[in-house]
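Visitor: Need a 3D model of the following:
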Amino acid sequence: MRKLPINVSANVIPASELGRRTPTGAIDTAYYTEKVPNPMAGLIPSNPSLNGSTIPRQQLLLPFPQYTGVSFQSVPIGKQRYDAMQLKVTKRYSHGLSFLATYTISKTLEQVSMLNAQDFVLTDPTKTPLEKRSATEQDAPQKLALVGIWELPFGRGKAVGGNWPKALDWALGGWQLNWDITWMSGWAIDYPNAKQVRPGSAKLPPEERRLERWFNTSLWDDPVTGKRVPAQEPYTLRDFPTRFSDVRLPDYHNWDLSLMKRFPVRERMNLQFRFEMINAFNHPWFATLASGGNNVTSPLFGQLDPTQRNLPRFIKLALVLTW
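Guide: Okay, the predicted model is just below:
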């Protein structure tokens, strides 16, 4: 897809004015926040924050200092690409069995954001460099789905128990098993708010992943001091991605199973028994990082939110009378 709409903030400090530092090497925050004489004093009565005798210097560095904010809505420069291989196997109903199996290998990449608002090219928006990254919830590299029905081969007219007496057939014959199974890769995780200081992938081997350490946080530990690096400095440009390419949330596994049987009562009256299990094996799905999970300054850095995002095992028994 092309020409996807994106929103752009245009009233930002130009890149050439960023990165000013003190003699010690720290970002000179005081330079940007210092109150200086306001050349617009008395000219913008409808906005008191811009109408006083002094104003923070950072406001005067903006391309449109007379406005608190300037943005462009739905600029048609975004892109998204989907590539996939899809396989499907179908068994039509015969001998009491039918099923459908689908398997998809895919990649969905998007270009709908910039690393920095300063990257927007006002004179020609189509030349704006956009970050290419995973499209989060739309990007599931692998997905397998199995659905089916199997009339168990027990009871009159079946392979087993074809001559059962009516009483035994009424209890044990005519059962039907249904299943809906889904397995799907997890979504890509947003990158931390600091550039890693050690090379390598943050993806951990499966046997090392746990709720308390879902990716390799040591890549953000200063090799000299051993301490965690600080978050990206203010008044600087971001030069690291906003989303991981290979670190993903846990995979989604779900089995929905049901067992049912029809009991004939009269010629036009039937009683159906249903035994249904949603998430039959009670597999929890943790689909988000903890609050602060991608913040290098947080004690929860690298952790998953332990809140289960899918239904726990849910069992339902039902009797349905039809006539």
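Visitor: How are the strands of the stretch 1-150 of the chain distributed by residue range?
Guide: Assigned strands in the stretch 1-150 of the chain, in chain order: 2-9, 35-37, 54-56, 71-94, 97-111, 133-134, 142-151 (criterion: DSSP state E, counting those that start in this stretch).
Visitor: hey, which of those strands is tucked in deepest?
Guide: With neighbours defined as mean count of other CB atoms under 10 Å, these peak in mean count at strand 133-134, which reaches a mean of 21. Bear in mind the C-beta positions are built from the backbone N, C-alpha and C, glycine included.
Visitor: Could you look up the SS state of residue 295?
Guide: When classified by DSSP: H, G, I helix; E, B strand; the rest coil, residue 295 comes out as coil.
Visitor: Contact partners for it?
Guide: When contacts are counted by CB atoms under 8 Å, 6 or more residues apart in numbering, residue 295 touches 192, 193, 231, 301.
Visitor: and which of those is nearest to residue 154?
Guide: residue 301 (55.6 Å; CB to CB).
Visitor: tally of neighbours for the residue lying closest to that closest one once chain neighbours are set aside?
Guide: If the residues on either side of it in the chain are set aside, residue 301 comes closest to residue 217, at 5.7 Å by CB to CB, 6 or more residues apart in numbering. By the criterion of other CB atoms under 10 Å, residue 217 has 18 neighbours.
Visitor: how much space between residue 217 and residue 198?
Guide: 11 Å (CB to CB, to the nearest Å).
Visitor: Then residue 86?
Guide: In terms of CB to CB, residue 86 sits 39 Å off from residue 198.
Visitor: before we move on, back to that, with distance to residue 296 added, can I get the strands of the stretch 1-150 of the chain in TSV?
Guide: Shown next, in TSV, are those (distance: least, CB to CB, whole Å):
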stretch	distance to residue 296
strand 2-9	24
strand 35-37	32
strand 54-56	27
strand 71-94	29
strand 97-111	25
strand 133-134	20
strand 142-151	30
